[in-house]
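In: Here is my input; please provide its structure:
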Amino acid sequence: MSGAEPDLDELVRELESAAARLRAGELDADEAAGLVERCAELAAGVGAELERAARAGRADDADEAAAGQERLL
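Out: Take a look at the predicted model:
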């Protein structure tokens, strides 16, 4: 991941903060609508980060399996 992309923990913290602001009910309709859109963006970012992590884990598992095969030969 590049330094410009927020990590999973940062995304989750921002999503939790936005959700708390929405639950507080202190935003006007336009602010709330904008924050709901931001929540959708954050959720998409979390999903993408989890998918990246899952792919990396599968690649690591495949590398380990291949290394194990070499030892058997």
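In: Every contact and neighbour count from this point should use C-alpha atoms.
Out: OK.
In: quick one, what contacts the residue most central in space within the chain?
Out: What sits nearest the mean C-alpha location of the chain, by CA atoms, centre = their mean, is residue 46, with 2.0 Å. If a contact means CA atoms under 8 Å, 6 or more residues apart in numbering, then residue 46 has 8, 11, 12 as its contacts.
In: out of those residues, which are buried?
Out: 8, 11, 12 (16 or more other CA atoms under 10 Å).
In: Can you give me the separation between the first one and residue 57?
Out: In this case it means residue 8. As judged by CA to CA, to the nearest Å, residue 8 and residue 57 stand 15 Å apart.
In: Next: the last one.
Out: Relative to residue 57, residue 12 is positioned 20 Å away (CA to CA).
In: go on, the second one?
Out: Here residue 11 is placed at a distance of 20 Å from residue 57 (CA to CA).
In: what's the helix or strand encompassing residue 11 packed up against?
Out: Following DSSP states H and E, one finds residue 11 within helix 8-24. Where contact means 3 or more CA pairs under 8 Å, 6 or more residues apart in numbering; DSSP states H and E, helix 8-24 is packed against helix 29-72.
In: what angle do the helix it packs on and helix 8-24 make?
Out: Orientation check (axes from the mean of the first three to the mean of the last three CA atoms, to 10 degrees): helix 29-72 against helix 8-24 gives 150 degrees.
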